[in-house]
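Participant: Just to be clear, the model below is a prediction. Sequence and coordinates:
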Amino acid sequence: MVPQAARRLAETGASIAAVGMALNGDLKTQIEQALQQCAEHARTKVLSDKHQGKIPTQAECDQPAPGMAVKLAIYLGDEMHKEALQCIGKRLSQLVPGRFSLEPRYRYDRLKKQTTFISEEEAQSLLRQWRGDELKGTLRPDVVIHSGNPLQVRAVYNFKFPCADGSRPTPWTRYTEGPHQGFNQKQVYRDALGVEPFRIVPWLGILQ
């Protein structure tokens, strides 16, 4: 689980007040080095723990994970994300304490060009009330660097973990249904959060 302190966010339901604020060059470099190191650590550890340290073949990736209903690619990817988020939560707590969020949740109205933030407490409250449909179409980037207010975004990153071929980066996910149908994550994150998002891919680095 990601540490609770790393998930604590603020300013529920506000509109974006400031966007596009650049990170200091040295700090940006330190953050992105930490992201890349955590991505590489996560892939190595999960393959060691869950797949005897071996890189799966594409055929294995397309088959269900042992004893599970999901494909091995999805299972390993989920495990790598958990490990990477736990790792980067610790690193960012030292680099930018109070100025980052892991898997924050945003609602973006494309027609109104309006972004609102949904706290974890609000999301859990909706789920307890059987109102989970209200969360459909919300956005959850992996890592957001901000001013202390999650709507004043400075940088957005998503971990991407290839299953078989680590030399080819996993593309941005394309939405096939819901309010963002036809767009990919990069386009929607950029429109909603006002900054250019980046992928973090083990050994390939920081990619657009």
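Facilitator: Sure thing, it's come through.

Participant: Pick out the residue nearest the middle of this protein.
Facilitator: The chain has D142 as the residue nearest its centroid, 1.5 Å off, counting by C-alpha atoms, centre = their mean.

Participant: roughly how far apart are that one and A84?
Facilitator: Using C-beta to C-beta, to the nearest Å, D142 is found at 8 Å from A84. Glycine gets a C-beta too; all of them are placed from N, C-alpha and C.

Participant: what touches both of these two?
Facilitator: Listed as contacting both D142 and A84 by C-beta atoms under 8 Å, 6 or more residues apart in numbering are F159, I200.

Participant: for the protein, which helix is longest?
Facilitator: Secondary structure assigned by DSSP state H gives helix 25-50 as the longest helix of the chain.

Participant: neighbouring contacts of the lengthiest strand in the chain?
Facilitator: Longest among the strand segments of the chain by residue count, using DSSP state E, is strand 153-159. Taking contacts as C-beta under 8 Å, 6+ apart, the residues outside strand 153-159 that touch it are 16, 19, 21-23, 28, 31-32, 35, 39, 42, 80-81, 84-85, 141-147, 172, 185, 189, 193-200, 206.

Participant: rewinding a little: contact partners of the helix or strand following the longest helix of the chain?
Facilitator: Going down the chain from helix 25-50, the next helix or strand is helix 58-61, by DSSP states H and E. For helix 58-61, the surrounding residues in contact (C-beta under 8 Å, 6+ apart) are K71, L72, A73, L76, C163, A164, D165.

Participant: any chance of those in a markdown table, with pLDDT and neighbour count too?
Facilitator: Listed next are the contacts of helix 58-61 as a markdown table, based on pLDDT from 0 to 100; neighbours: other C-beta atoms under 10 Å:
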| residue | pLDDT | neighbour count |
| --- | --- | --- |
| K71 | 96 | 16 |
| L72 | 96 | 22 |
| A73 | 95 | 20 |
| L76 | 97 | 23 |
| C163 | 93 | 22 |
| A164 | 91 | 15 |
| D165 | 80 | 13 |
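
Participant: Secondary structure for those residues - can I get that in a markdown table?
Facilitator: Output for the contacts of helix 58-61, formatted as a markdown table (DSSP: H, G, I helix; E, B strand; the rest coil):
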| residue | secondary structure |
| --- | --- |
| K71 | strand |
| L72 | helix |
| A73 | helix |
| L76 | helix |
| C163 | coil |
| A164 | coil |
| D165 | coil |
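
Participant: Distance to P64 added to the residues you listed, as TSV?
Facilitator: Converted to TSV, the contacts of helix 58-61 look like this (distance: C-beta to C-beta, whole Å):
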residue	distance to P64
K71	6
L72	7
A73	10
L76	12
C163	13
A164	15
D165	20
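
Participant: sorry, back to before: looking at the longest strand of the chain now, give me its mean pLDDT.
Facilitator: The average pLDDT within strand 153-159 is 97.
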